[in-house]
Each structure stands twice: as structure tokens, then as C-alpha cells.
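Asks: Sequence plus the predicted model coming up.
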Amino acid sequence: MKVIKTIKDMQALVQQLRRDGQSIGFVPTMGFLHEGHCSLMQRARKENDVVVLSIFVNPTQFGPNEDFDTYPRDFERDEQIALKEGVDYLFYPSVEEMYKENPSVSISVINRVDVLCGAKRAGHFDGVATILTKLFHIVSPHRAYFGKKDAQQVAVVHGLIKDFNFPVELVAIDTVREEDGLAKSSRNVYLTEAERTQAPVLYKSLRQAVEKINQGETNPDRLKEIISANIQAYTSAEIDYVEVYSYPELQPVTTVTGQVILAVAVQFSKARLIDNLIIEV
Ligand code: AMP
């Protein structure tokens, strides 16, 4: 595995790979890798000649009061994990390498961002779309791998690829969970011991709502009540949102039908956690 730190080197390399007819699978991450990231790398390994992993904690997708400075980082550990997963190239640029001063162009996401995390985290998806536009131009992947844990991100990236005609196939991967159901996340390390025991309630309450749907419940408000009541009863977290929307359109539904997403975000003392289930009714 080769670590690449400059845009120039990365671009020269992928141009050569493309000339050689190699297919390129790309896994963009912010590092502090866990099994969720590994499942993306494994799928990319299966489907491509070459796997490129990027690790970049992207400042433009963090709000002023968010956790950019304290976001967990451990490059040496990440390097070992990437090596074990068969990554060929690890793109690891600095913030200065990725963002020169005084940018001339900004990207603004105008669809699917007025709800869920987009509504709560102003500018977050503009930052995501900006960094992915840059990374797609730098890595020139045939396929890019994203986790459904960040389901709104998948919906936004889908729009970005389509609207800006990136010749990239989006591959969305199921959420990898701990044995007790908690979705794996780099931010789980922020949980206190007590919060860690409460956190699986997010997934359990989503599952409970899905069971209600299977029993015939079609009222989204009733489902939201079930999820919220569970989280309030069994965790110390503050609910950021509990929503039921059509997916991937992210439009409100009056009756649960077709493909829908049940999504939650909560704030524990230090960790903001999100989770969702996407189901076909
Ligand atoms: P991050 O490093 O948090 O930006 O995540 C990088 C990629 O890994 C994103 O596409 C995430 O959706 C995906 N990812 C994060 N956690 C999980 C998980 N538990 N299961 C599957 N994919 C995940």
C-alpha cells in the first residue's frame, strides 16, 4: 500500500492506472476506521482492480460549534487497517493541500437538504458536496462507496453525481452494527460508559417501529411517537429529530408506503449519533 499526500501525485497515478485499463474503486472517509469503513473497503476490493481510500477530516463540512478540532484521529492505526483490507493507495492530504486560500467557486446543495441533518447542520452538505467534487476530480474513480448509515449523504451524493455528470457509479452499503445493534461510528468513542449502554435503544426503537409497520401501522406520526417515547424513556440523550420520509426523495409522507426512511439523531453529552432504517412497504 502506498500513502499519497499530494493532489499532483494522486492525479498522475490515477491517469496512469486508467491508461492501463484498471478499474478504480474509491472509499472516501474521515478516518478513525472501524468495521463500517471496512465493509466499504471490502466491497470495493471485490469490485475493482485498484482500491483508493481517502482519509481527510474535511473542515468545510463542520459547523463553527461542531467537533472538527476534537474529531478522533489515529493515522497509524488507520494505515494498518487499510493495509489489512487490501487498499492499494491511501490518499491522505493536509487541509492546506485540499483548500487553498480565497476559493473562487462554492457548491451549494439545493435539494434534499432542508430536512434531517441538513436542516440541523447548516452548510454541512455544501461542504460534503465540495470535498467530494474535489476528490472525484482527484481520484477519478469508476465506483465510489458510501454507507447507508449516512442515508441523507447517499441521497445528496446521488444528486451530485447526476447533476454534475460525474462518470462515477455510486454504491451504497448497509450499516454495520455492534452486536447490540448500535451503528458503528467514529463518534461512538465520545460516549460515556452509561451512554454506551443506552445507545442501542436508537436501533431497537427503529426496529420496534418497523415491527408496527409490519403489523399494519401506516401513520408516520404514530411511528415517530413510538421511537421518541423509547429514546426518552431509556436514554439520557436529547432528541435532535425523529422523522419518517420517502426515500431517497426525503419528502414528508402522510401514509407509510413505498420506500421510506425512519431516521433519528440524538445528542448525548459529547456524541451526536444518527441512525436509520430504510424499508420498502
Ligand atoms: P466517515 O468517516 O464517518 O465520513 O464515513 C465514511 C464512510 O463510511 C461514509 O460513506 C459512511 O456512511 C460510511 N460508514 C460510516 N459508518 C458506517 C457503518 N456503521 N456502516 C457502514 N458504513 C458506514
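Replies: Perfect, thanks for sending it.

Asks: need the contact list for the residue in the stretch 51-200 of the chain positioned nearest to the ligand.
Replies: Taking Cβ to the nearest ligand atom, the ligand has its nearest neighbour within the stretch 51-200 of the chain at Gly147, 2.2 Å off. In this view, the C-beta of every residue, glycine as well, is placed from N, C-alpha and C. The neighbours of Gly147, taking Cβ atoms under 8 Å, 6 or more residues apart in numbering as the test, are 36-37, 39-40, 154, 172-173, 175-176.

Asks: can you map out the strands along this protein?
Replies: 2-4, 24-29, 50-55, 89-91, 143-147, 169-173, 238-246, 259-267, 272-280 (DSSP state E).

Asks: does any part of the fourth one sit near the ligand?
Replies: Right, the one you point to is strand 89-91. No. For strand 89-91, no contact with the ligand is found by Cβ under 6 Å from any ligand atom; the gap never falls below 13.5 Å.

Asks: That strand: how far from the chain's middle?
Replies: Relative to the centre of its chain, strand 89-91 is centred 19 Å away, using Cα atoms, centre = their mean, to the nearest Å.

Asks: same thing with the third one?
Replies: Shown here is strand 50-55, whose average C-alpha point lies 16 Å from the average C-alpha point of the whole chain (Cα atoms, centre = their mean).

Asks: got the residues of the chain near the ligand?
Replies: Counting by Cβ under 6 Å from any ligand atom, the chain sits next to the ligand at 29-30, 36-37, 39-40, 146-147, 149-150, 173, 175-176, 183-186.

Asks: Which of those residues fall in helices?
Replies: Using DSSP state H, the members of the residues of the chain next to the ligand that fall in helices are 36-37, 39-40.

Asks: Tell me the one among the residues you listed nearest to the ligand.
Replies: Gly36 (2.4 Å).

Asks: Quick one: residues contacting the closest one.
Replies: Each residue near Gly36 by Cβ under 8 Å, 6+ apart is listed here: 147, 149, 175-176, 183-185.
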